[in-house]
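Undergrad: Need coordinates for the following:
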Amino acid sequence: MLCNACRNYPNTMKYLRTVCMATALLCLFILTPAAAKPISERPEVAAFIDEMVREHHFNRQTLYDVFRNVAVKQSILKAISRPAEAKPWHAYRNIFVTGARVDGGVKFWRNNRQTLSAVQKHFGVPAEIIVAIIGVETRYGGNTGSYRVIDALSTLAFDYPKRSAFFRKEMEQFLLLCREEGIVPAAPKGSYAGAMGLPQFMPSSFRRYAADFEGDGKRDIWHNRADVIASVGNYFDKHGWRKGEAIAYRAAVSGSDFRKALTEGLEPRYTLAQMAKWGVSVSPRQPSATKAKLLRLNGEHGPEYWLALHNFYVITRYNHSQLYAMAVYQLSEAIRSRFEKTTRG
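TA: Numbers count the residues shown, from 1 in each chain. Sure thing, here's the model as predicted:
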């Protein structure tokens with residue numbers, strides 16, 4: 001409906017329409033972000049490509065084409081800023097040590113009993129530890145990650161300054177393993193950090209520890225359960241797993257000297273004999289010269305004290321978190337207990 005002024009002055013109406021259209025276009029221009037440039041055009045990516053060409057003889061155009069199709073993901077940056085390890089122990093435990101994961105571990109063990117037995121015999125790593133690792137990492141293959149590895153590594157290598165050096169090295173390793181294994185870089189999917197397959201190996205770990213258990217010339221940690229199990233066993237073997245040794249046990253403390261044992265770091269430093277002098281209860285089954293690490297975890301009903309031994313430290317080489325290692329240990333114990341009961345039954 002037109003007002004009298006518009007009826008009497010048609011040029012006014014035409015002018016107003018022109019102004020409105022121009023204003024709308026201006027607003028659209030201001031509110032719509034410019035299309036982001038392909039990551040391949042960024043100088044830091046160009047420098048990385050130069051390095052890969054110079055150091056590893058990659059084809060420059062091939063790498064340019066790879067990065068031209070990379071998508072930087074804000075969701076990856078959000079995810080890495082809130083790791084589960086930031087939670088207190090009782091909340092962290094409730095994520096990973098659950099009835100569903102125990103049941104899943106028993107089922108995985110049954111379905112892969114022969115391979116687990118062979119890998120345990122070869123490497124000395126208990127089957128329940130291997131199963132628990134896979135359970136904590138991916139729920140036995142139920143969640144291996146939905147991000148393209150190339151997107152995850154690129155986002156963190158070039159848009160996450162806090163750890164860009166680490167992820168640039170992992171990007172280098174990823175491109176090398178793709179070339180070695182005949183994998184198209186855009187194909188593999190994994191976690192927001194670029195971890196891959198059922199054991200969630202980072203690219204550097206894949207190249208060092210992934211195993212071809214069946215001798216078919218491929219190291220498939222996505223689909224081949226035998227390769228997955230052997231890869232985890234090989235990882236722990238190479239990091240110094242000691243066959244038949246204990247992992248950790250609950251401890252009690254008294255007095256105040258025990259605080260001397262609450263040191264930084266994860267590696268066992270003090271002997272059980274020294275711990276006992278400081279008021280830490282020790283197991284009579286362990287030699288007094290055994291070195292241990294005293295842990296204080298935030299339990300649901302107050303502090304929990306644990307003595308972590310060498311093999312516990314080896315678990316932390318998989319993920320440098322005492323919460324992670326404790327979750328793996330406790331899940332492994334629950335799986336072993338359930339498996340033995342159901343097998344006997």
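Undergrad: List the contacts of Glu180.
TA: Arg207 (Cβ atoms under 8 Å, 6 or more residues apart in numbering). To be clear about C-beta, it is placed using only N, CA and C from the backbone, and glycine gets the same treatment.
Undergrad: tell me the SS of it?
TA: Secondary structure, DSSP: H, G, I helix; E, B strand; the rest coil: Glu180 is helix.
Undergrad: so who does Phe213 touch?
TA: 115, 119, 224, 226-227, 229-230.
Undergrad: Nearest to Lys189 among those residues?
TA: Asn224 (16.2 Å; Cβ to Cβ).
Undergrad: how much space between the closest one and Ala211?
TA: 10 Å (Cβ to Cβ, to the nearest Å).
Undergrad: coming back round to it: next, format the contacts of Phe213 as JSON lines and append pLDDT and neighbour count.
TA: Converted to JSON lines, the contacts of Phe213 look like this (pLDDT from 0 to 100; neighbours: other Cβ atoms under 10 Å):
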{"residue": "Thr115", "pLDDT": "98", "neighbour count": "20"}
{"residue": "Val119", "pLDDT": "98", "neighbour count": "24"}
{"residue": "Asn224", "pLDDT": "97", "neighbour count": "20"}
{"residue": "Ala226", "pLDDT": "98", "neighbour count": "19"}
{"residue": "Asp227", "pLDDT": "98", "neighbour count": "24"}
{"residue": "Ile229", "pLDDT": "98", "neighbour count": "29"}
{"residue": "Ala230", "pLDDT": "98", "neighbour count": "26"}
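Undergrad: And Met21, what's its pLDDT?
TA: With respect to pLDDT, Met21 scores 48.
Undergrad: Pro83 too?
TA: So, for Pro83, pLDDT stands at 75.
Undergrad: For His301, see how far away it is.
TA: With Cβ to Cβ as the criterion, Pro83 and His301 are 25 Å apart.
Undergrad: So which of these two has more stuff around it?
TA: Pro83 (10 against 6; other Cβ atoms under 10 Å).
Undergrad: Where does the prediction get shaky in the stretch 201-345 of the chain?
TA: 345 (pLDDT under 70).
Undergrad: so Lys293 is in which element?
TA: If you go by DSSP states H and E, Lys293 is part of strand 291-299.
Undergrad: List the buried residues of that strand.
TA: 292-297 (16 or more other Cβ atoms under 10 Å).
Undergrad: Just the strands from the stretch 151-300 of the chain, written as ranges.
TA: 189-190, 248-251, 270-271, 291-299 (DSSP state E, counting those that start in this stretch).
Undergrad: Which of the ones you listed sits closest to Ile183?
TA: strand 189-190 (11.6 Å).
Undergrad: same for that closest one, what does it pack against?
TA: With contacts defined as 3 or more Cβ pairs under 8 Å, 6 or more residues apart in numbering; DSSP states H and E, the packing partners of strand 189-190 are strand 147-148, helix 149-159.
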